[in-house]
Each structure stands twice: as C-alpha cells, then as structure tokens.
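Enquirer: what's the 3D shape of this:
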Amino acid sequence: MDRQFPSYVVLGNKMRLRGESLSAKSLPKKKSFQIISATDAKATNASADQALLCKAGTLDAKKVKGKILVCLRGDNARVDKGEQAALCGAVGMVLANNQISGNEILADPHVLPASHINYTDGLALFSYINSTRSPIAYITKGTTELGTKPAPFMAAFSSNGPNTLNPEILKPDITAPGVSVIAAYTEAQGPTNQDFDTRRVLFNSVSGTSMSCPHVSGIVGLLKTLHPHWSPAAIKSSIITTAKTRDNTMKPLTNASYSKATPFNYGGGHIQPNRAMDPGLVYDLSADDYLNFLCALGYNATQIQQFSKKSQTYKCRDPISLIDFNYPSITVPSLKGTVTVSRKVKNVGSPGTYKARVRSPRGISIRVEPDSLKFEKEGEEKGFRVTLKAKKSGVRDYVFGQLTWSDGKHYVRSPIVVKQL
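Expert: Residues are numbered from 1 along each chain as shown. Next up is the predicted model:
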C-alpha cells in the first residue's frame, strides 16, 4: 500500500533512521534522551536474549527509567514490548527488526513514544550504541505520508508456497493490501488488542492476512454482483489473471528483504479489481472437474458422496493428471524430460482473437498449441496444450515464467511454475 506513517529515530551522531509509528504520545521536540539496548538493561535472573526481546520480567527498571529502550522484534507482540518498556519507566522505545523480518516495518499504536525500524537500520543503531559511552537519540512523532514508493511489496508475515499438499496447484493464489490497513474497530478492546490497553478507538491500523482477506472477499462480492452468472472458478480466474506483478516504480514486486518476489510469494500478483471486472477470458471449472480432482487425489465413491448431490451417480473416470486441472496457473513440480499440459479458456467478453505470448522459465522450453484462439461469441470455450521441455543444463529448483493470452485489449496472464528433476 502506498501509504506510510513515518517516525524518525535521530541519533546523537546525526544519523536519521526512518521507522513507522502510530503512537499517540510523543517526546518533546528535538529533546534527546539516553538510548540503551534492552540487553544492557536485563534483570539479574534474565538471559540477554530474552531481555533483548523485552519480555515481561526480563528488564531492570532501574536501568531503563528515563531512557529510550531498544527492543528486538520477535516472539512476543510488538506492542507488548512497548508496554514492558513503559512499565519499567522508559520514555520511549525503538523496535528493531530481526533478520527474518527484514525491511518490513509496521505502524502500531504503541502506549509510549516509539518507532519501528528495519533490520539494516537496527544494525546501525546497535552499532552506534556500542560505539560511544553516552549514546543519545530522540524520536519524532509519526506523520502520514501518501504516494510512497516502492509499493506494494510482500509482507514478511505473508504465507508462501509451494503447496505442500498438492504441489500441482499453485499457492498462494493472489496477494492484496494487508499492511497498516485503516479499519473500523471494535470498542470491546484497545487498539493493541492487549489486556493492558484501556484505550478505545473507532478506527485502527491493522496488519495481517486478516486484512488482505476482506479486500479479496469484497472484490469477489462486487464481481458476483456485476456478473451474477459467473462461477466461483470464473471469479477466481478473473482475479488471478488480471493481477499485477510490478510495483508503482514499474519494477518487479519485492519481498521484505528487497529481493525479487516470485509466484510463491504472490501467486498471480497484486489484485486489481477494475481489471478483474473485464478479464476477457477465464479458466472455468464445473462440479465434475472438482469431483475428478478428488478422484485424482484418491477419494473413493463413499467419500465423494459427501461433496455433491450428483455424486450418487458420479463415477470416477480414468485417472486424470493433476497438472491438467483447469486452474489459471500452470505448475509442474516434477518435470522429467517433456510433459504436455491441457487447459481451456472461456470467452466472457466480446468476440476476438487471442494470441499466446510466453516467457519461459529458465532452463525450460515451452510451446503452446494452438498459439491463436478465435472466439465468435461470449461463453464460447476453446482448449489448448502447453508442452514443457527440460533442457539438459536446466536448474534443479523451482523456476518461474508466464503465459499471456491477449487480443490487444485484454491480457490474461497465468504464472508458470516448474521444477526439473
């Protein structure tokens, strides 16, 4: 999301570390305080590692009082670290990311003046503290900044692929806004969702997949209203195949460590609801397709009867290949030599001719047959085959590409994920 709530940690050596915060309280403007690592404020019976995380009972209040305390992210809640700092008399807190969290920083409604900084800046801060006898700093009050770049990028907490249960089905499907989302909030609890927080607010900034989910759910509802006859599979396809994989600087989406993200991070990409309204083509599925899928997984007739009324008369056909399930992505988790994948697309727009364009994964050659599909009317379906061939010098790990069908107006993009044996 291209919105941030910057709060700066300004060190005694004039270094400015950009963090984020929604703390309602603030320190006196440009007044510096002694800053101390939580490791140096550990209680007698606590380990340095536990104290650095600012867990309850690990800090010595005499060492913390009147100072800015630096805590490391991890284990206990981010806002709980601030609470522990406040209980020990700290005037402020800096929350520094651990290596796993990388560059993902979140704006939290801390109970004291605070700022959350990334891993790289955290290293610089700890280095400064250890380099001088009297380290000092001050924390600026958080502000609102719009149109930030690059945006979006993948959050460190986001679930990643591959799909461990059915590796032939790419997961995740899609990504959506989930960091520092302003949302209506219950007054049954405080903005930190902690027992100690007696504050009450009507709106809160919340981060998590719990925020991405309602974005997608709302978009699905709008699409169903616009296209009441579309199946759930058609709606899913329209969302996945119209998503974007570049940020607002037109560079590939990155993860929390600023490395290039892949379909294992974002699936089809970042959701674009306006484009999903008119996808051009969709990869649709019928009830029989889902029952065939269950058959391929080894479900027997008794088990399948639990899923569908028509399953009373349904009989499993000859075993189907899971890679041929008509999903809006193509995943081949164990390619050896050559394999051909079948798909079919349905026209949900005006008549037109779509041509295939492929960006092959590294070490894989791809051929699409036919490479042109002509649709005469809405609702018409046409099939095609995608042949993937492993090169002898190919990489023995997952590699990524894409297949795009386009009529010049619509761009129906499907991720291709391949692992060569």
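
Enquirer: could I get the full set of helices for this protein?
Expert: 48-52, 61-64, 78-87, 119-131, 209-226, 232-241, 263-266, 273-276, 287-296, 301-304 (DSSP state H).

Enquirer: the nearest residue to L59 once chain neighbours are set aside: what's it in contact with?
Expert: Excluding the flanking residues, the one nearest L59 by Cβ to Cβ, 6 or more residues apart in numbering is C88, at 4.9 Å. Yep, even glycine has a C-beta here, placed from its N, CA and C like the rest. Applying Cβ atoms under 8 Å, 6 or more residues apart in numbering, we find C88 in contact with A41, L59, D60, A61, V64, K65, L69.

Enquirer: what stretches of this protein score poorly on pLDDT?
Expert: Counting by pLDDT under 70, the chain has low-confidence residues at 310-312, 394.

Enquirer: report the central residue of it.
Expert: Among the residues of the chain, S158 comes closest to the average C-alpha position under Cα atoms, centre = their mean, at 4.0 Å.

Enquirer: which of the contacts of C88 has the most neighbours?
Expert: Within the contacts of C88, most neighbours by other Cβ atoms under 10 Å means L69, with 30 neighbours.

Enquirer: buried set for stretch 290-305?
Expert: Neighbour-count burial for stretch 290-305 flags L291, N292, F293, L294, C295, A296, Y299, I304 (criterion: 16 or more other Cβ atoms under 10 Å).

Enquirer: could you do stretch 94-107 as well?
Expert: Across stretch 94-107, burial judged by 16+ other Cβ under 10 Å covers V94, L95, A96, N97, S101, G102, N103, E104, I105, L106, A107.

Enquirer: so which of those are in strands?
Expert: Residues of the buried residues of stretch 94-107 located in strands (DSSP state E): V94, L95, A96.

Enquirer: present the buried residues of stretch 94-107 as a markdown table; the columns should include distance to A24.
Expert: Formatted as a markdown table, the buried residues of stretch 94-107 follow (distance: Cβ to Cβ, whole Å):
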| residue | distance to A24 |
| --- | --- |
| V94 | 17 |
| L95 | 16 |
| A96 | 22 |
| N97 | 23 |
| S101 | 24 |
| G102 | 28 |
| N103 | 26 |
| E104 | 23 |
| I105 | 18 |
| L106 | 16 |
| A107 | 12 |
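
Enquirer: out of those, which is nearest to S334?
Expert: G102 (30.8 Å; Cβ to Cβ).

Enquirer: correct me, but V345 touches E381?
Expert: Yes. The pair V345 / E381 is scored as a contact, 6.9 Å apart, by Cβ atoms under 8 Å.

Enquirer: neighbour count winner among these two?
Expert: Just comparing V345 and E381: by other Cβ under 10 Å the higher neighbour count belongs to V345, 26 against 13.

Enquirer: partners of the residue nearest to that one when sequence neighbours are not counted in the sheet?
Expert: For V345, ignoring the flanking residues on the chain, the nearest one in space by Cβ to Cβ, 6+ apart is L281 at 4.2 Å. Beta bridges link L281 to N347, judged by DSSP bridges.

Enquirer: heads up, I number from 608, so please use that
Expert: Done: numbering now begins at 608, and the last item shifts to L888.

Enquirer: what's the spacing between L888 and L809?
Expert: Per Cβ to Cβ, to the nearest Å, L888 is found 43 Å from L809.
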